[in-house]
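Participant: okay, structure incoming, though there's no sequence with it:
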């Protein structure tokens, strides 16, 4: 793997707040999902659900649910992805994990276990989502500064899906990036036993 590719995914990866006026086409969004769907989750559960907001009308629906400091960078992004999870993901386990029919019961009971599994694995898939977006040449701006309950009511009124985080997508304006913030060193956060 080339150093340039690793830099793109990790070393030089940034959260973008400013965007070039360049469209992200539907094919790119489909390619993005088709990369992510192949990444591992618990019992192949794939609980992540995504709504891509591209139209002005769809973006207006989320605007009032954004924290004040996130409005401009979100509304100017070519795409806003609502990364959510299916709280009843286990209903699809007979299709996704056919060699073990009992897994549906294992992951759906108790309900708190299902909720934790859905949230954890959709978060994991969200990480894959950002890496896949960068691999496809997109920039990302993930955030949690929004009213989850409001977004859920607006976009997931039946209550089955629940928002996890938002991820702005597009082509970032490199000229408006802030200096990179400090990072913790290996010795500060890791231990080898």
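Facilitator: Alright, I've got the coordinates. Here the structure is a predicted model, which is why all the values come from computation and not from measurement.
Participant: tell me the secondary structure at residue 60.
Facilitator: Assigned by DSSP: H, G, I helix; E, B strand; the rest coil, the conformation of residue 60 is helix.
Participant: what's the distance between it and residue 185?
Facilitator: According to CB to CB, to the nearest Å, residue 60 and residue 185 sit 43 Å apart. All C-beta spots, glycine's among them, are computed from the backbone N, C-alpha and C.
Participant: for the residue most central in space within the chain, what are its contacts?
Facilitator: In the chain, the residue lying closest to the centroid (CA atoms, centre = their mean) is residue 126, at 3.4 Å. If a contact means CB atoms under 8 Å, 6 or more residues apart in numbering, then residue 126 has 48, 83, 142, 164-165, 167 as its contacts.
Participant: also residue 106?
Facilitator: Here residue 106 is in contact with residue 43 (CB under 8 Å, 6+ apart).
Participant: now residue 140
Facilitator: Counting by CB under 8 Å, 6+ apart, residue 140 touches 15-16, 130, 133-134, 167-169.
Participant: got phi/psi on residue 139?
Facilitator: Per-residue torsions, residue 139: phi -110, psi 160 (degrees, to the nearest 10).
Participant: who's the residue lying closest to it once chain neighbours are set aside bridged to?
Facilitator: Ranked by CB to CB, 6 or more residues apart in numbering and with sequence neighbours excluded, the top spatial neighbour of residue 139 is residue 172, at 3.5 Å. For residue 172, the beta-bridge partners are residue 19 (DSSP bridges).
Participant: ditto for residue 86
Facilitator: For residue 86, the beta-bridge partners are residue 161 (DSSP bridges).
Participant: can you show me the helices along this structure?
Facilitator: Secondary structure of the chain (DSSP state H): helices at 3-6, 26-36, 56-63, 71-75, 93-96, 103-108, 111-135, 148-155, 186-189.
Participant: residues in contact with the residue nearest to residue 139?
Facilitator: If you count contacts by CB under 8 Å, 6+ apart, then residue 172 has 14, 16, 18-20, 139, 141 around it.
Participant: could you identify the most distant pair in these?
Facilitator: 14 and 20 (14.1 Å; CB to CB).
Participant: and stretch 67-82, what's its mean pLDDT?
Facilitator: Regarding stretch 67-82, the rounded mean pLDDT is 98.
Participant: now do that stretch: distance to the chain's middle.
Facilitator: Distance, stretch centre to chain centre, for stretch 67-82: 14 Å (CA atoms, centre = their mean, to the nearest Å).
Participant: just the buried residues of that stretch, please?
Facilitator: Neighbour counts over stretch 67-82 (16 or more other CB atoms under 10 Å) mark 70, 73-82 as buried.
Participant: kindly report the same for stretch 21-32.
Facilitator: Buried residues in stretch 21-32 (16+ other CB under 10 Å): 24, 28-29, 32.
Participant: quick one: residue 87 from residue 133, how far?
Facilitator: Taking CB to CB, one finds residue 87 at 25 Å from residue 133.
Participant: ugh, wrong one, I meant residue 110
Facilitator: Separation of residue 110 from residue 133 (CB to CB) stands at 35 Å.
Participant: many thanks, I have nothing further to ask.
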